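J.: What follows is a protein structure lacking sequence information:
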């Protein structure tokens, strides 16, 4: 009997336990995407540990979602994340400076924060206070956090053997980006990683990454 | 003597300035939102500039592009530059030192106040 297609039950069980631990809700698992989503989760956890010596109230929730494309850009509706006014920032990743100058990203990171929570988040991370009535200050603060998350995420990727990618400056929005955002158009899925603080979903990150070869 | 802080994030500029003030570094601090603005400020104040704190990822002109320009102009090439950036990769750090072998420091965000202060203090006049 040919048993080459029969999966090893022990391996499946270990994999399932691993998935359950991270409450992964996916129909199928793309190893690269999944690995990078875990790297993103690890990056955010490290920032909270390093900057505030804080842990999240539960393990981050990982979800794989279909990208909604609109005229070659990724549609974003930030209001869906918290059902409340939301500020979000994007940072793009590029294979090298040449791709960056051509604006051909290999990946994008999006950080969503419920608008009314941003002051508290800044306080936790020991940033100076901002005027949260000022839209530009709120957007800037979200961008500053996105920048740090992107830097830590890229470091996690490097430690996994991925190449050092170029990072763009941040761009920030409130509730929606009318024209969507650039992304690696070959990709169909995005990975969402959300974090609970004091029992509430407070911070959501999303990542799309095109094909990358490990060193 | 003056300190120039170049960072596209107002929050990060506030954090840098607050950290310097808390350490009783009371020099006048000038600000710019990107490399281009930084060059304009530098052109006006380079005679009184003792140190520049420089971000990497910024619109219009990045920190690396800023340094590439500055290191070629003898009048400003000797002003110490400390990079304060979220780019923590070793490869990035090496790139920064390649572009500016005289780079006075490379600090990764989120930074520890004592790291920033010890890097800046030796250049304060």
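T.: Received it, and whenever you're ready, just let me know what you need. None of the values given here were measured: they were computed from a predicted structure.

J.: For chain B, which residue gets nearest to chain A?
T.: At 3.1 Å from chain A, residue B:86 is the closest residue in chain B, using CB to the nearest CB. Every C-beta, even on glycine, is put in place using the N, C-alpha and C of the backbone.

J.: residues touching that residue, list them.
T.: Taking CB atoms under 8 Å, 6 or more residues apart in numbering or on different chains, we find residue B:86 in contact with A:147-148, A:150-152, A:167, B:56-57, B:108-109.

J.: mind listing which of those are in helices?
T.: A:147-148, A:150-152 (DSSP state H).

J.: Surely residue A:128 touches residue B:13?
T.: No - Residue A:128 is not in contact with residue B:13 according to CB atoms under 8 Å; the separation is 9.8 Å.

J.: Ramachandran coordinates for residue B:85?
T.: Backbone geometry at residue B:85, expressed as degrees, to the nearest 10, gives phi -140, psi 160.

J.: For chain A, which segments are assigned as strands?
T.: A:61-66, A:69-70, A:73-74, A:86-94, A:107-114, A:166-167, A:171-174, A:189-197, A:200-209 (DSSP state E).

J.: just so I know, which of those strands lies nearest residue B:102?
T.: strand A:166-167 (24.0 Å; CB to CB).

J.: Could you report the neighbour count for the closest residue to the residue of chain B closest to chain A other than its chain neighbours?
T.: In space, and not counting its chain neighbours, residue B:86 is closest to residue A:151: 3.1 Å by CB to CB, 6 or more residues apart in numbering or on different chains. For residue A:151, the count of nearby residues is 24 (other CB atoms under 10 Å in any protein chain shown).

J.: Against residue A:194, how distant is residue A:151?
T.: 20 Å (CB to CB, to the nearest Å).

J.: go on, residue A:54?
T.: From residue A:54 to residue A:194 the distance is 16 Å (CB to CB).

J.: between these two, who's got more neighbours?
T.: residue A:194 (20 against 14).

J.: give me every residue that touches the more buried one.
T.: A:60-61, A:63, A:81, A:201, A:203-205.

J.: By neighbour count, which of these wins?
T.: The contacts of residue A:194, ranked by neighbours (other CB under 10 Å): first place residue A:205, 25 neighbours.

J.: Let me see the contact set for the residue positioned nearest the centre of chain B.
T.: What sits nearest the mean C-alpha location of chain B, by CA atoms, centre = their mean, is residue B:53, with 1.7 Å. Going by CB under 8 Å, 6+ apart, residue B:53 touches B:3-7, B:16, B:82, B:84, B:120.

J.: Does the residue nearest to it when sequence neighbours are not counted belong to a helix, a strand or coil?
T.: In this structure, residue B:53 finds its nearest non-sequential neighbour in residue B:5, 4.8 Å apart by CB to CB, 6+ apart. What DSSP: H, G, I helix; E, B strand; the rest coil gives for residue B:5 is strand.

J.: which secondary element of the chain has the worst mean pLDDT?
T.: No chain in the question, so chain A it is. Sorting the helices and strands of chain A by mean pLDDT, DSSP states H and E puts helix A:9-21 at the bottom, at a mean of 54.

J.: look at chain B instead
T.: Across helices and strands of chain B (mean pLDDT, DSSP H and E), lowest is helix B:74-77: a mean of 92.

J.: which residues touch residue B:84?
T.: With CB under 8 Å, 6+ apart, residue B:84 has these contacts: B:7, B:12, B:16, B:53-55, B:107, B:109, B:111, B:116.

J.: Lowest pLDDT pick from those residues?
T.: Within the set of these, pLDDT is lowest for residue B:111 (91).

J.: now that residue, nearest residue through space, not along the chain?
T.: residue B:84 is the one closest to residue B:111 (CB to CB, 6+ apart), at 6.4 Å.

J.: and the gap between that neighbour and residue B:96?
T.: Distance from residue B:84 to residue B:96, by CB to CB: 11 Å.

J.: And residue B:15, by the same measure?
T.: In this view, residue B:15 and residue B:96 are 21 Å apart by CB to CB.

J.: The two: who's more crowded?
T.: Legend: neighbour count by other CB under 10 Å for residue B:15 and residue B:96, higher for residue B:15 (24 against 21).

J.: how about the strands in chain B?
T.: Under DSSP E, chain B gives strands at B:2-6, B:28-32, B:49-54, B:81-85, B:105-108.

J.: closest one to residue A:41 among those strands?
T.: Using CB to CB, the nearest of the strands of chain B to residue A:41 is strand B:105-108, at 20.3 Å.

J.: beta partners of the residue nearest to residue B:48 when sequence neighbours are not counted?
T.: Counting by CB to CB, 6+ apart, residue B:48 lies nearest to residue B:2, which is 4.9 Å off, once chain neighbours are set aside. For residue B:2, the beta-bridge partners are residue B:28, residue B:49 (DSSP bridges).

J.: low pLDDT regions in chain A?
T.: In the predicted model of chain A, residues A:1-31 satisfy pLDDT under 70.

J.: same thing but at 50, please
T.: Applying pLDDT under 50 to chain A picks out residues A:1-7, A:23, A:25-29.

J.: For chain B, what's the nearest residue on it?
T.: residue A:151 (3.1 Å).

J.: List the contacts of that residue.
T.: Residue A:151 neighbours (CB under 8 Å, 6+ apart): A:167, B:85-88, B:108-109.
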